[in-house]
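A.B. asks: Make a model of this:
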Amino acid sequence: MNHHHNLSEKALRLGDKESYKAVNRQALDAFGHSFSLGAAIFCVSIWPMPFVLAWMHLRFADAPLELSFRLPFLGSTVHYFASFLLLYIAVRMLYSMVMNRFEWYSRLKASLAGQKG
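C.D. replies: Purely as a prediction, here's the structure:
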């Protein structure tokens, strides 16, 4: 996308409107592809959630988590869905921070980003 963006700016500076439109169209296609791929990866990453939530409902529906403090809008008890959601978000953030520290993972992400554009 960045390559196409730079080409479109160069065409605009040179005054070539047809080239600008053609390159800009390619950049929009690349962005659409990248956005769709990101949405697909997101969907793939959350597919186990309904199964986990169904299992948690069977196990913990009648046993809310008692807190030693009050939370705004929730009170002093938290049900399984809220606790799962908070834990899931925390794990995803921690995973992202930990994995980005590995050089091989960063190289893999960079090589995959290079193949897309």
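
A.B. asks: tell me, what residue is most central in the chain?
C.D. replies: residue 42 (5.7 Å; Cα atoms, centre = their mean).

A.B. asks: Can you name every helix or strand that the helix of greatest length in the chain contacts?
C.D. replies: Secondary structure of the chain read by DSSP state H shows that its longest helix is helix 17-46. If you count contacts as 3 or more Cβ pairs under 8 Å, 6 or more residues apart in numbering; DSSP states H and E, helix 17-46 packs onto helix 2-14, helix 103-116. In this view, the C-beta of every residue, glycine as well, is placed from N, C-alpha and C.

A.B. asks: Other residues contacting the last one?
C.D. replies: The list of residues contacting helix 103-116 from outside it, by Cβ atoms under 8 Å, 6 or more residues apart in numbering, reads 30, 33, 34, 37, 99, 100.

A.B. asks: Now list the buried members of those residues.
C.D. replies: Buried members of the contacts of helix 103-116, counted by 16 or more other Cβ atoms under 10 Å: residue 30.

A.B. asks: what pLDDT does the closest residue to residue 79 other than its chain neighbours get?
C.D. replies: Take residue 79 and drop its neighbours on the chain: the residue closest to it by Cβ to Cβ, 6 or more residues apart in numbering is residue 64, 5.0 Å away. What the model reports for residue 64 is a pLDDT of 85.
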